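Student: what would the 3D arrangement of this be:
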Amino acid sequence: MHFLNAILLVLPLALASPTSPGCGTIQDKTSLGETLIGDNQCHGIGADAKSWSVDDECVCVAFNTNECSDTKPETWEYLTGGHTDVDLSGRGVKWYKCFTSESLAYEWVAKFEAANLSSKKW
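Tutor: Take a look at the predicted model:
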């Protein structure tokens with residue numbers, strides 16, 4: 001009975017939690033991969049990234065610091081959108097954020113262009 005009560009208590013919380021879309025995969029220098037999470041939050045991979053493959057409908061920003069700052073261009077390493085494979089070796093990328101919002105994609109493209117970082121975008 002206690003088990004059933006625990007499930008009934010947790011089930012509404014689990015059902016209410018939105019699921020973030022997967023946005024592709026990122027591999028570290030040891031070739032271990034993990035799913036890119038499209039929730040517009042900062043995620044770390046624990047080791048320098050080697051490459052990533054970003055799915056259609058997603059845009060991802062790679063960072064060289066765990067702040068994942070929207071306002072510090074010196075921390076932005078790469079901007080990638082829609083079904084793109086990118087070599088991230090040697091860039092010191094250990095953090096990223098991905099999203100599916102078209103308006104956020106336009107905002108980030110404008111930020112990269114304003115910071116003269118066009119060579120770092122897809």
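Student: can you tell me which residues contact the closest residue to residue 63 other than its chain neighbours?
Tutor: Sequence neighbours aside, residue 95 is the residue nearest to residue 63 in space, at 4.4 Å (criterion: CB to CB, 6 or more residues apart in numbering). Heads up, the C-betas are built off the backbone N, CA and C, glycines and all. With contact taken as CB atoms under 8 Å, 6 or more residues apart in numbering, residue 95 is in contact with 42, 43, 44, 45, 62, 63, 64, 65, 66, 68.
Student: any idea what residue 95 is bridged to?
Tutor: residue 44, residue 63 (DSSP bridges).
Student: for residue 105, which three-state class applies?
Tutor: helix (DSSP: H, G, I helix; E, B strand; the rest coil).
Student: what's the burial count for it?
Tutor: 18 (other CB atoms under 10 Å).
Student: isn't it right up against residue 60?
Tutor: No - contact criterion CB atoms under 8 Å: residue 105 and residue 60 do not qualify, at 10.0 Å.
Student: any common contacting residues for those two?
Tutor: Joint contacts of residue 105 and residue 60 (CB under 8 Å, 6+ apart) are 81, 99.
Student: so which bits of whichever strand or helix holds residue 50 are buried?
Tutor: Assigned by DSSP states H and E, residue 50 belongs to strand 49-54. Neighbour-count burial for strand 49-54 flags 49, 50, 51, 52, 53, 54 (criterion: 16 or more other CB atoms under 10 Å).
Student: that strand - contacts with which helices or strands?
Tutor: strand 22-28, strand 59-63, strand 76-81, strand 84-87, strand 95-99 (3 or more CB pairs under 8 Å, 6 or more residues apart in numbering; DSSP states H and E).
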